[in-house]
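>>> Would you be able to build a 3D model of this:
(one chain, ligands or ions: 1)
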Amino acid sequence: MSHFAAIGRVPGDPILGLLDAYRADPNPAKLDLGVGVYKDALGITPIPYAVKLAERHLVEHEPTKSYIGGHGDPVFGDYLLQLVLGADNPLLRDGAVGATQTPGGTGALRLAGDFIAANLPGRGIWLSAPTWPIHESIFATCGLRVEHYPYVGADNRLDVEALLDALQRVPAGDVVLLHACCHNPTGFDLAPRDWKRVLDVVKARELLPLIDFAYQGFGDGLDEDAWAVRLFAAELPELLVTSSCSKNFGLYRERTGALIVRAQDAGKLIDIRSQLAALARNLWSTPPAHGAAVVATILGDPELRGLWAEEVEAMRLRVANLRNGLVAALVPHGLAGRFAHVAAQRGMFSYTGLSAEQVQRLRQEFSVYLVSSGRANVAGMAEERLDYLANAIASVYTP
Ligand code: LMR
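Here you go, the predicted structure:
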């Protein structure tokens, strides 16, 4: 008898799978706009200098590699809470917010999903349509009822009225996942007035928000991007936030993030954290330490922190310039107006509006790799390749 004979094959990951296809492509003109990693002008995903300095410090001063606790490094947790909620946030003094360190933002989402499934039985989770595909699979794997609210439709426009209308009908108590900034995959963010309207519905319907905060610093700035999270934390007694250090600290493979819980009071937070530690023990036991130690070293040192903040800002500005550059490169093709949204979107990604078939042609005829949804990783572009890209888009695009 073969134990494994009946096991079939599942399709590769829609985002990570592109990396293999790109690497195997012999065309020297190839362009990787698939997986969401930042690249500099040389096409390299750099390690920020502040990270290098922190690592040097750790090599010399890190006292042990023994296990850290189930919630990870408490120093990292405290600094991350300050980064996300603001250093002067009164919630930090009340003891009603806590961070549980996780393997990246993805780990935080999984922990949140398992927490909801185990402790809030029967609750559904509402995701934007579209959303990051892994949101769909993580929460389904956790056994949650996965539902959707409209966000960006076939016309490639953010539809706030449809979103609010749908939230009005969400059953009381259900969880609604919101993207704090730099919406993945579309790049379309809610304006402050829209966030306030969403907050009103969340309050009225007694929904539990889970805010995914994976791109702090890539939208409008480190503090600006945290505006909605801070608003919700101030206005609501209960809230979940998943924070990632992958992009803004360039720590992708070090898997550094946290699940932040805002509870009614300090006592309830202790109950919730006991649940999280028990769930985490079954998932990964204790989280990987290195990335969190790097983040704690940087955020705990005013000089390193200042250097890091400058580096994040430089990445942000470079992506914003590439957005404008692509629209400018489309001018000679008569398509600048049609793709003006690329300059208005925020963060690493742009929902270009290109169809799956057009994306396929980009790949086959020009070795330009986008996710089949039409998502382009703007942060993967190179300035001197914008004309090539604009020409490729103009060749496959029919309105
Ligand atoms: C992306 O959406 O490309 C990134 O968040 C990386 C990933 O893990 O999918």
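>>> Could you check how far residue 245 is from the ligand?
13 Å (CB to the nearest ligand atom, to the nearest Å). For every residue, glycine as well, the C-beta is placed using N, CA and C.
>>> Please apply the same query to residue 318.
Residue 318 is 18 Å from the ligand, by CB to the nearest ligand atom.
>>> That residue: which element?
Under the criterion of DSSP states H and E, residue 318 resides in helix 302-329.
>>> how about that helix: buried residues?
For helix 302-329, a neighbour-count test (16 or more other CB atoms under 10 Å) marks 304-305, 307-309, 311-312, 315-316, 318-320, 322-323, 325-327, 329 as buried.
>>> And the pLDDT at the residue of the chain found nearest the ligand?
Of all residues in the chain, residue 36 sits closest to the ligand, at 3.0 Å by CB to the nearest ligand atom. What the model reports for residue 36 is a pLDDT of 92.
>>> cool, the one 5 residues further on as well?
At residue 41 the predicted local confidence, pLDDT, stands at 88.
>>> from here on, count from 689
Fine by me, first position is 689 from now on; the one you just mentioned is residue 729.
>>> Strands along this structure, start to end?
Remark: strands assigned in the chain by DSSP state E are 719-720, 785-790, 812-817, 833-838, 863-867, 896-901, 927-932, 945-950, 1037-1039, 1056-1057, 1063-1065.
>>> angle of the third one against strand 833-838?
By that I understand strand 812-817. 40 degrees (axes from the mean of the first three to the mean of the last three CA atoms, to 10 degrees).
>>> Please enumerate residues in contact with strand 812-817?
801, 804, 823-824, 827, 832-840, 851, 854-855, 858-859, 862-867, 871, 895, 898 (CB atoms under 8 Å, 6 or more residues apart in numbering).
>>> same deal with the fifth one?
Strand 863-867 is contacted from outside by 804, 808, 811-816, 819, 823, 832, 837, 855, 858, 877, 886, 890, 895-900, 902, 916, 928, using CB under 8 Å, 6+ apart.
>>> Is it possible to mark the buried ones in these?
By 16+ other CB under 10 Å, these give 804, 811-816, 819, 823, 832, 837, 855, 858, 877, 886, 890, 895-900, 902, 916, 928 as buried.
>>> could you say what helices and strands the helix or strand of the chain with the lowest mean pLDDT packs with?
The helix or strand with the lowest mean pLDDT-type score in the chain, counting by mean pLDDT, DSSP states H and E, is helix 704-712 (a mean of 91). In this structure, helix 704-712 makes packing contacts with strand 719-720, strand 1056-1057, judged by 3 or more CB pairs under 8 Å, 6 or more residues apart in numbering; DSSP states H and E.
>>> Please convert the ones you listed to a markdown table, extending it with mean neighbour count and mean pLDDT.
Putting these into a markdown table (neighbours: other CB atoms under 10 Å; pLDDT from 0 to 100) gives the following:
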| stretch | mean neighbour count | mean pLDDT |
| --- | --- | --- |
| strand 719-720 | 22 | 95 |
| strand 1056-1057 | 24 | 97 |
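>>> on that earlier part again, nearest to residue 1083, out of the strands of the chain?
strand 1056-1057 (10.2 Å; CB to CB).
>>> So which residues on this structure come close to the ligand?
Counting by CB under 6 Å from any ligand atom, the residues of the chain close to the ligand are 703, 723-724, 820, 872.
>>> tell me the contacts of the residue most central in space within the chain?
Against the mean C-alpha coordinate of the chain, by CA atoms, centre = their mean, the closest residue is residue 902 at 2.9 Å. Residues near residue 902 by CB under 8 Å, 6+ apart: 793, 867, 870, 872, 930-932, 934-935.
>>> How about residue 837, nearest residue that isn't a chain neighbour?
Using CB to CB, 6 or more residues apart in numbering and skipping residues adjacent in sequence, the residue nearest residue 837 is residue 854, 3.9 Å away.
>>> repeat for residue 981
Going by CB to CB, 6+ apart, residue 981 has residue 746 as its nearest residue, at 5.6 Å.
>>> That neighbour is in contact with residue 985, isn't it?
Yes. If you go by CB atoms under 8 Å, residue 746 and residue 985 touch, sitting 6.3 Å apart.
>>> any low-confidence regions in the chain?
Residues of the chain meeting the criterion pLDDT under 70: none.
>>> show me what contacts the residue nearest to residue 904 when sequence neighbours are not counted?
Closest residue in space to residue 904, ignoring its immediate chain neighbours: residue 913 at 5.0 Å, by CB to CB, 6+ apart. When contacts are counted by CB under 8 Å, 6+ apart, residue 913 touches 868-870, 901, 903-907.
>>> Next, residue 735: phi, psi?
The phi/psi pair for residue 735 (degrees, to the nearest 10) reads phi -90, psi 120.
>>> Next, the contact list for it, please.
Residue 735 makes contacts with residue 938, as judged by CB under 8 Å, 6+ apart.
>>> cool, and the one 4 residues further on?
With contacts taken as CB under 8 Å, 6+ apart, residue 739 has the following neighbours: 937-939, 982, 986, 996.
>>> Looking at these, which are in helices?
Among these, DSSP state H puts 982, 986, 996 in helices.
>>> Find the nearest non-adjacent residue to residue 925, please.
Nearest to residue 925 is residue 952, by CB to CB, 6+ apart, at 4.8 Å.
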